[in-house]
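**Q** got a sequence here, can you build the structure:
(chains A and B)
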Amino acid sequence: NAGVTQTPKFQVLKTGQSMTLQCAQDMNHNSMYWYRQDPGMGLRLIYYSASEGTTDKGEVPNGYNVSRLNKREFSLRLESAAPSQTSVYFCASPGQGRETQYFGPGTRLLVL
Amino acid sequence: GDSVTQMEGPVTLSEEAFLTINCTYTATGYPSLFWYVQYPGEGLQLLLKATKADDKGSNKGFEATYRKETTSFHLEKGSVQVSDSAVYFCALSGGTYKYIFGTGTRLKVLA
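**A** Purely as a prediction, here's the structure:
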């Protein structure tokens, strides 16, 4: 049981390049989340998916798109990376109701 | 809207010292409250939680009590160890799909 997995672990992009961050969970949870973590700002929600086939914007969605490919997988895409998107990105998946969030190990992204 | 405020760090303590990290919240309704811990290079993991007023969450010697009257959920540990050095996040879950995290408090424990 791997829980929540993320790829890649680390990525360097140039301004304007695109990339997709991958996330998968094997806990059979319905909902999945993408957060970014910046110094002094805590975690900010980018997008979430309440169930397969649905996605909704969070606090900071600009510059990102998401795809809930199936129940297991939820990807985050940067179409044209900007230095302001340098951050650590975490995927998470909560249990039922208002339950514990289970986090992946994170993707560290540097945009030059 | 809902929010979580926790004390700024870093907090530096000697081994075996008493730890308190303050956390207060604002929320409509009756949120669940959580403390998460993040070790270097890792994702967040649940440390403890409380789902209603006066509940006490505890784990690995850490404790926090859900105080509705003061809207607080302070984290305490009687005797910290070097291995407790990490960043601690207070969080609330205020309803379906709504999770709010504090900014995190870095704890450094010196041998």
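**Q** is the helix or strand bottoming out on mean pLDDT in chain B anywhere near chain A?
**A** None of the helices or strands of chain B scores lower by mean pLDDT, DSSP states H and E than strand B:98-101, at a mean of 86. Yes - Strand B:98-101 reaches chain A (C-beta under 8 Å from any C-beta of the partner chain) through B:Tyr99, B:Phe101. (C-beta placed from N, C-alpha, C; glycine too.)
**Q** residues in contact with that strand: which ones?
**A** With contact meaning C-beta atoms under 8 Å, 6 or more residues apart in numbering or on different chains, strand B:98-101 is reached by A:33, A:35, A:42-43, A:45, A:94, A:101, B:2-4, B:25, B:27, B:36, B:89-94.
**Q** buried subset of the residues you listed, written for ChimeraX?
**A** Remark: buried members of these, expressed as a ChimeraX selection using 16 or more other C-beta atoms under 10 Å in any protein chain shown:
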select /A:33,35,42,43,45,94,101 /B:2,4,25,27,36,89,90,91,92,93,94
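**Q** okay, and which of the contacts of strand B:98-101 map to strands?
**A** Residues of the contacts of strand B:98-101 located in strands (DSSP state E): A:33, A:35, A:42-43, A:45, A:94, A:101, B:3-4, B:25, B:36, B:89-94.
**Q** which residues touch residue 6?
**A** In the absence of a named chain, chain A is used. Contacts of A:Gln6 (C-beta under 8 Å, 6+ apart): A:Leu21, A:Gln22, A:Cys23, A:Tyr89, A:Phe90, A:Cys91, A:Gly104, A:Pro105, A:Gly106, A:Thr107.
**Q** think we crossed wires, I meant chain B
**A** B:Ile21, B:Asn22, B:Cys23, B:Thr24, B:Tyr88, B:Phe89, B:Cys90, B:Gly102, B:Thr103, B:Gly104, B:Thr105.
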